[in-house]
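Novice: pasting the structure only:
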């Protein structure tokens with residue numbers, strides 16, 4: 001099966017434009033897709049995500065090094081070329097490097113003169129030498145070396161590559177069709193499971209069974225009391241905010257706001273909004289709703305700074321809510 005491979009070409013840019021062009025033309029003749037950052041500013045931090053995503057999508061990585069170290073990223077003190085190389089190695093992308101044989105032969109404008117930068121380049125070359133690499137002298141020898149070395153690398157470390165759909169074998173098409181049918185069958189089965197009421201929950205308190213909920217409020221001093229509620233009432237209070245998802249703090253707030261009349265009935269001295277459900281009671285409610293298969297933890301992605309825990313209704317929980325909260329027609 002004829003495959004095409006995507007190859008990331010990494011190097012400094014201004015000093016190696018001709019060499020990059022020669023390498024990319026050679027890759028195209030190999031039926032490879034060359035990928036480079038010719039149209040991006042590598043020193044722009046907003047492009048780093050673009051660079052890494054491109055490397056992630058590539059099958060192979062080619063590094064070209066001559067007499068310049070490249071633009072340095074301030075926080076790491078490393079050049080963007082070195083950062084790209086290290087990222088490719090970290091992600092397991094097969095890498096092959098090409099280092100100029102003698103930078104003394106290069107024009108002065110294509111060689112770093114700052115001693116500290118030269119040292120960084122030397123250190124980078126030492127790192128490169130730990131993996132597959134070759135020397136090059138000019139753009140033609142470089143292009144030839146890339147073709148020969150990459151051909152060997154493709155054989156020794158085959159990658160997924162790209163295949164035209166039309167070239168897939170009949171057997172592969174059959175497998176794809178079978179997998180698609182299996183996937184559809186699993187979807188139907190999953191829907192059937194979601195539409196069934198959970199088994200084994202009859203041993204747990206639910207419905208009109210009542211539970212004492214501990215609440216505290218501050219009026220002159222901290223006061224504590226217990227409110228008796230049915231599980232249907234608790235589900236009816238919390239379920240609407242859980243249709244999408246809600247944090248535990250949101251659930252506590254909605255709950256305490258909804259039972260103020262119950263608190264007042266229990267304790268006529270209740271005159272303040274500074275009230276809360278005690279943590280032990282909230283955790284009991286949460287555990288009970290999990291046991292009854294009414295709620296489950298939300299796996300929606302969120303920011304790193306968001307440390308809240310979020311919950312949402314299960315399909316069964318949604319049905320329970322509809323039975324409790326939806327308005328019923330009056331009987332004739």
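Specialist: Alright, I've got the coordinates. Quick caveat, the model's predicted, so the values are computed rather than measured.
Novice: the helices in the stretch 101-250 of the chain, which residues?
Specialist: 115-128, 139-156, 170-195, 231-238, 248-258 (DSSP state H, counting those that start in this stretch).
Novice: tell me which of the ones you listed is the most buried.
Specialist: Using mean count of other CB atoms under 10 Å, the stretch among the helices of the stretch 101-250 of the chain with the largest mean neighbour count is helix 231-238, at a mean of 20. All C-beta spots, glycine's among them, are computed from the backbone N, C-alpha and C.
Novice: and it, how far from the chain's centre?
Specialist: Centroid displacement of helix 231-238 relative to its chain, using CA atoms, centre = their mean, to the nearest Å, is 35 Å.
Novice: by contact count, what packs against that helix?
Specialist: Packing partners of helix 231-238 (3 or more CB pairs under 8 Å, 6 or more residues apart in numbering; DSSP states H and E): strand 210-219, helix 248-258, helix 279-291, helix 315-325.
Novice: okay, domains of this protein per the record?
Specialist: 6-166, 168-194, 201-325 (automatic domain parsing).
Novice: now render the helices and strands packed on helix 231-238 as JSON lines, adding distance to residue 153 and mean pLDDT.
Specialist: Formatted as JSON lines, the helices and strands packed on helix 231-238 follow (distance: least, CB to CB, whole Å; pLDDT from 0 to 100):
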{"stretch": "strand 210-219", "distance to residue 153": "66", "mean pLDDT": "88"}
{"stretch": "helix 248-258", "distance to residue 153": "52", "mean pLDDT": "92"}
{"stretch": "helix 279-291", "distance to residue 153": "52", "mean pLDDT": "95"}
{"stretch": "helix 315-325", "distance to residue 153": "50", "mean pLDDT": "93"}
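Novice: give me the low-pLDDT residue ranges for the stretch 1-150 of the chain?
Specialist: 1, 38-46 (pLDDT under 70).
Novice: go through the domains of the chain and name the closest to residue 331.
Specialist: Residue 331 lies closest to domain 201-325 among the domains of the chain, at 16.7 Å (CB to CB).
Novice: go through the helices of the stretch 101-250 of the chain and name the closest to residue 292.
Specialist: Evaluated over the helices of the stretch 101-250 of the chain, closeness to residue 292 peaks at helix 231-238, with 7.8 Å, by CB to CB.
Novice: pLDDT averaged over the closest one - what is it?
Specialist: On average, the pLDDT along helix 231-238 is 95.
Novice: residues touching that helix, excluding its own?
Specialist: 205-211, 251, 254-255, 258-259, 285, 288-289, 292, 294, 317, 320-321, 324-325 (CB atoms under 8 Å, 6 or more residues apart in numbering).
Novice: 10 Å - rerun?
Specialist: By CB atoms under 10 Å, 6 or more residues apart in numbering, the residues outside helix 231-238 that reach it are 204-211, 213, 229-230, 242, 246, 250-252, 254-259, 262, 285-286, 288-289, 292, 294-295, 311, 313, 317, 320-321, 323-325.
Novice: so who does residue 101 touch?
Specialist: By CB under 10 Å, 6+ apart, the residues touching residue 101 are 134-138, 141.
Novice: let me fix that: residue 67
Specialist: If you count contacts by CB under 10 Å, 6+ apart, residue 67 has them with 12, 15-16, 100, 102-113, 118, 121.
Novice: roughly how far apart are it and residue 123?
Specialist: Residue 67 is 15 Å from residue 123, where distance means CB to CB, to the nearest Å.
Novice: swap in residue 139?
Specialist: The gap separating residue 139 from residue 123 is 26 Å, by CB to CB.
Novice: ditto for residue 134
Specialist: Separation of residue 134 from residue 123 (CB to CB): 20 Å.
Novice: same thing with residue 53?
Specialist: From residue 53 over to residue 123 the distance is 27 Å, taken as CB to CB.
Novice: residue 22 now?
Specialist: Distance of residue 22 to residue 123, given as CB to CB: 27 Å.
Novice: over to residue 101?
Specialist: Taking CB to CB, one finds residue 101 at 19 Å from residue 123.
Novice: name the nearest residue to residue 289, ignoring sequence neighbours.
Specialist: residue 295 (4.6 Å; CB to CB, 6 or more residues apart in numbering).
Novice: residue 218 now?
Specialist: Among residues not flanking residue 218 along the chain, residue 274 sits closest, at 4.3 Å (CB to CB, 6+ apart).
Novice: and what of residue 109?
Specialist: Using CB to CB, 6+ apart, the closest residue to residue 109 is residue 15 (7.5 Å).
Novice: same question, residue 312
Specialist: Using CB to CB, 6+ apart and skipping residues adjacent in sequence, the residue nearest residue 312 is residue 245, 4.2 Å away.
Novice: what's near enough to touch the one you found?
Specialist: Residue 245 is in contact with 295, 297-300, 302, 310-313, counting by CB under 10 Å, 6+ apart.
Novice: hmm, 8 Å instead?
Specialist: Neighbour list for residue 245: 298, 300, 310-312 [criterion: CB under 8 Å, 6+ apart].
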